[in-house]
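Asks: here you go, sequence then predicted model.
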Amino acid sequence: MTQATAGNTVRVHYVGTFDDGSEFDSSVGAEPLEVTLGQGQVIPGFEQALEGMAVGDKKAVQIPAEEAYGEYSPEMIQEIDRANIPDDIELEVGLQLQAQGPEGHTLLLVVKEVTENTVTLDGNHPLAGKALNFELEMVEIA
């Protein structure tokens with residue numbers, strides 16, 4: 001039976017939950033997730049969990065924060081002048097904004113606080129600092 005290894009393109013169904021059992025993502029009822037192993041397309045712990053699985057295999061894994069989206073970093077929170085945000089953007093807590101990073105990559109920022117003169121933005125991934133649990137089912141290996 002073929003087992004998934006680096007270079008294989010796999011299709012997998014998954015259900016992602018937090019330790020309290022609440023679900024944060026799932027492919028159930030949709031197309032399976034397609035990933036080419038070894039290319040860093042998904043978080044490291046998820047990719048590692050897929051390696052060695054065969055079609056039809058199911059498994060449950062817990063991925064610690066450092067193998068998922070990293071630890072939560074207070075340094076990723078920044079307060080900026082409100083004037084630096086275009087006037088046509090209606091700012092509210094929880095709004096996600098995109099900005100260009102110093103190396104040209106896209107950054108996702110979440111509005112944490114809005115005052116008359118400042119906006120506090122959080123550049124941490126929304127799942128940073130959290131252990132993630134996945135129920136995995138290997139559907140296809142190519």
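Replies: Arrived safely.

Asks: helices and strands around the least confident helix or strand in the chain by mean pLDDT, which ones?
Replies: Here the helix or strand of the chain ranked lowest by mean pLDDT, DSSP states H and E is strand 96-100, holding a mean of 88. If you count contacts as 3 or more CB pairs under 8 Å, 6 or more residues apart in numbering; DSSP states H and E, strand 96-100 packs onto strand 106-114. All C-beta spots, glycine's among them, are computed from the backbone N, C-alpha and C.

Asks: who are the packing partners of the strand it packs on?
Replies: strand 96-100, strand 118-122.

Asks: strands of the protein, start to end?
Replies: Here the chain has its strands, by DSSP state E, at 9-17, 23-26, 33-36, 58-63, 77-81, 96-100, 106-114, 118-122, 132-141.

Asks: JSON lines for those strands, including distance to residue 69?
Replies: Compiled in JSON lines, the strands of the chain are given as follows (distance: least, CB to CB, whole Å):
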{"stretch": "strand 9-17", "distance to residue 69": "12"}
{"stretch": "strand 23-26", "distance to residue 69": "11"}
{"stretch": "strand 33-36", "distance to residue 69": "16"}
{"stretch": "strand 58-63", "distance to residue 69": "9"}
{"stretch": "strand 77-81", "distance to residue 69": "16"}
{"stretch": "strand 96-100", "distance to residue 69": "15"}
{"stretch": "strand 106-114", "distance to residue 69": "11"}
{"stretch": "strand 118-122", "distance to residue 69": "13"}
{"stretch": "strand 132-141", "distance to residue 69": "8"}
